[in-house]
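Engineer: Would you be able to build a 3D model of this:
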Amino acid sequence: MDGVSANGNGGDGRMPVLYLSHGAPPLADDALWTGQLAAWAAELPRPRAILMVSAHWESAPVTLSATRTVPLVYDFWGFPEHYYRVTYPAPGAPELAEQVRGLLGRPVTPVRDAPERGLDHGAYVPLVEMYPDADVPVLQLSMPTLDPETLLRLGRRLAPLRDSGVLVVCSGFFTHNLRGLSWGTGPDEAPGWSREFDAWGREALDRGEVDALLDFERKAPAALMAHPRTEHFAPLFVALGAAGSALDTQRTVIDGFWGGLAKRSVQFG
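Structural biologist: Modelled structure (predicted):
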């Protein structure tokens with residue numbers, strides 16, 4: 001299947017949690033993928049605000065982005081000029097920032113502010129397609145580490161945000177090896193290592209095997225090829241933590257491949 005299937009929240013009034021594969025700036029040119037993201041957003045409950053965790057921001061301690069509208073972070077190189085002209089003037093989310101500080105709270109998890117930092121491409125590339133009017137307040141939160149257990153615990157502490165209309169979006173890529181990227185290949189074309197890892201990850205998610213996912217570097221086939229560095233898989237652990245008891249509602253919303261990389265994207269709740 002290479003499509004979209006989402007059904008709003010889990011029926012308990014809480015917002016869902018998303019892990020999505022965010023692609024690269026040329027995602028905007030892919031009619032299939034942009035349509036899938038737009039359809040997904042249309043099926044979701046309208047969020048009061050969005051908390052975004054992106055593979056492209058690692059900073060310790062946990063750091064919060066600007067709480068007002070500031071320029072985007074064009075954290076990519078060598079692309080045509082028009083990709084650097086994209087704007088996404090979403091409102092800031094100062095109230096959400098205060099909620100996050102309260103949930104994480106010193107001294108357990110110190111929280112730093114980066115008042116000039118805008119949204120990076122792991123955040124704005126999918127949001128442009130999902131919420132093109134840029135009318136939902138967005139706050140980005142850094143990953144303080146790539147350690148799966150630590151990120152799982154971080155997600156668990158953020159879970160109460162779901163009760164106040166906050167959509168937690170964790171943005172990565174289900175397989176991510178740029179040396180294996182094949183531009184122009186179709187949505188069903190992928191090398192064996194990408195297919196094997198994607199299939200393993202799908203089965204682990206379907207079975208709720210969180211321990212196996214946390215230990216993916218040793219348990220998954222072709223893990224080193226699929227993720228030479230793990231920052232694009234790591235946001236999944238925040239999503240697993242924030243999902244909490246909604247793990248058994250997990251479902252794949254988008255699957256298939258882009259440039260040979262697995263774009264599996266899942267919803268909890």
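
Engineer: and the gap between the residue lying closest to residue 192 once chain neighbours are set aside and residue 22?
Structural biologist: Nearest-residue entry for residue 192: residue 222, 7.5 Å, with adjacent residues in sequence omitted and distances by C-beta to C-beta, 6 or more residues apart in numbering. Every residue, glycine included, has its C-beta placed from N, CA and C. For residue 222, the distance to residue 22 (C-beta to C-beta, to the nearest Å) stands at 21 Å.

Engineer: again, but for residue 30
Structural biologist: For residue 30, the distance to residue 22 equals 12 Å [C-beta to C-beta].

Engineer: can you check residue 78 too?
Structural biologist: Per C-beta to C-beta, residue 78 is found 18 Å from residue 22.

Engineer: go on, residue 35?
Structural biologist: 16 Å.

Engineer: Just want to know which of those two has more residues nearby.
Structural biologist: Relative neighbour count places residue 22 above the other of residue 35 and residue 22, with 28 against 13, counting by other C-beta atoms under 10 Å.

Engineer: any weak-confidence spans in the protein?
Structural biologist: Low-confidence segments of the chain (pLDDT under 70): 1-12, 106, 183-184.

Engineer: Please repeat the previous calculation with a cut-off of 50.
Structural biologist: Within the chain, the stretches falling below the threshold (pLDDT under 50) are 1-7, 10.

Engineer: for it, which helix is longest?
Structural biologist: Ranked by residue count and defined by DSSP state H, the top helix of the chain is helix 192-207.

Engineer: Which other helices and strands does it contact?
Structural biologist: For helix 192-207, the helices and strands in contact under the criterion 3 or more C-beta pairs under 8 Å, 6 or more residues apart in numbering; DSSP states H and E are helix 210-214, helix 216-219, helix 223-226, strand 261-262.

Engineer: What are the buried residues along the first one?
Structural biologist: Residues of helix 210-214 classed as buried: 210, 212, 213, 214 (neighbour count, 16 or more other C-beta atoms under 10 Å).

Engineer: Report the distance from that helix to the chain centre.
Structural biologist: The chain centre lies 18 Å from the centre of helix 210-214; the measure is C-alpha atoms, centre = their mean, to the nearest Å.

Engineer: circling back to that earlier point, what's the burial count for the residue nearest to residue 192?
Structural biologist: Residue 222 has 18 neighbours, counted by other C-beta under 10 Å.

Engineer: hang on, isn't residue 185 packed against residue 261?
Structural biologist: No - under the criterion of C-beta atoms under 8 Å, residue 185 lies out of contact with residue 261, with a separation of 9.6 Å.

Engineer: mind checking the end-to-end distance for stretch 213-227?
Structural biologist: Using C-alpha to C-alpha, to the nearest Å, the span of stretch 213-227 from its first residue to its last is 13 Å.
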